[in-house]
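Enquirer: No letters, just coordinates:
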């Protein structure tokens, strides 16, 4: 009798355990099927992040203020409703951000000091362009860092140390590539050997070369400079 009772109890415990495991497995399968976050963890390739131009953000804000629903804006701009909702929540900050002339995309809501830095950097590059100069990536990155430090120092002196103390900037290759896309400065950058040459030697050569051009009567359209890896050129205004 005792043995029969023991066997019955063991069978009941096994059945209950099997039932619980089955429920847990079913619940996990449902979560795995429906939750996109879980899908990402299983190795499924994520969709690339959609870049929204600053102009489009201003349009989205204006349309929403006129009464257009978030879901309709998401369909119109082919993006997630959550993205539209985030833009609407940040509309006051976005309205204050006006990209520099030539800058078409701002991928992140950056602080004003970064935007002002890029505006001044772009102005400096255009001045170099008008002067007939071409600049390398290294020179642009160095100038960007110097402008940022000047701006940060001015803000600190005006508003106090705590106002901008946490902000920083690194003129990395990634920042430079994105800046080129935003501003379209590809044509004023030195490529190949021209970007790594001796600056003083280049300046001396330019003086001698200009004298030669003047004496021989060559036209600017007749002068070209090429190396093995690229072309050294400047954008015509």
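Expert: Structure received. Please read all numbers here as calculations on a predicted model, not as lab measurements.
Enquirer: going on from the worst-scoring helix or strand of the chain on mean pLDDT, what's the next piece of helix or strand?
Expert: When the helices and strands of the chain are compared on mean pLDDT, DSSP states H and E, helix 36-41 comes out lowest with a mean of 47. For helix 36-41, the succeeding helix or strand toward the C-terminus, using DSSP states H and E, is helix 54-65.
Enquirer: Any buried residues in that following helix, and which?
Expert: Neighbour counts using 16 or more other Cβ atoms under 10 Å place 54, 57, 58, 60, 61, 63, 64 of helix 54-65 among the buried residues. Where you see a C-beta, it was placed from the backbone N, CA and C, and this is true even at glycine.
Enquirer: What's the separation between the residue nearest to residue 94 when sequence neighbours are not counted and residue 73?
Expert: Among residues not flanking residue 94 along the chain, residue 57 sits closest, at 5.3 Å (Cβ to Cβ, 6 or more residues apart in numbering). For residue 57, the distance to residue 73 equals 11 Å [Cβ to Cβ, to the nearest Å].
Enquirer: now the residue nearest to residue 94: how far from residue 126?
Expert: Distance, residue 57 to residue 126, using Cβ to Cβ: 25 Å.
Enquirer: now residue 73
Expert: For residue 73 relative to residue 126 (Cβ to Cβ), the value is 35 Å.
Enquirer: Which one's more surrounded, those two?
Expert: Counted by other Cβ atoms under 10 Å, residue 73 and residue 126 do not tie: residue 73 has more neighbours, with 21 against 17.
Enquirer: Name the secondary structure element that contains that one.
Expert: With DSSP H and E as the criterion, residue 73 is inside helix 70-76.
Enquirer: what angle separates the helix or strand following that helix from helix 54-65?
Expert: Scanning forward in sequence from helix 70-76 by DSSP H and E, the next helix or strand is helix 81-89. Regarding helix 81-89 and helix 54-65, their directions subtend 80 degrees when assessed with axes from the mean of the first three to the mean of the last three Cα atoms, to 10 degrees.
Enquirer: If you average the pLDDT over whichever helix or strand comes after helix 81-89, what comes out?
Expert: Following helix 81-89 in sequence order, the next helix or strand is helix 91-96 (DSSP H and E). Mean pLDDT, helix 91-96: 78.
Enquirer: Now helix 91-96: buried residues?
Expert: Within helix 91-96, the residues that qualify as buried are 91, 94, counting by 16+ other Cβ under 10 Å.
Enquirer: what angle sits between the following helix or strand past that helix and helix 54-65?
Expert: Next in sequence after helix 91-96, counting helices and strands by DSSP H and E, comes helix 112-130. Put simply, helix 112-130 runs at 140 degrees to helix 54-65, going by the same axes, to 10 degrees.
Enquirer: by contact count, what packs against helix 112-130?
Expert: Counting contacts by 3 or more Cβ pairs under 8 Å, 6 or more residues apart in numbering; DSSP states H and E, helix 112-130 packs against helix 137-159, helix 173-183.
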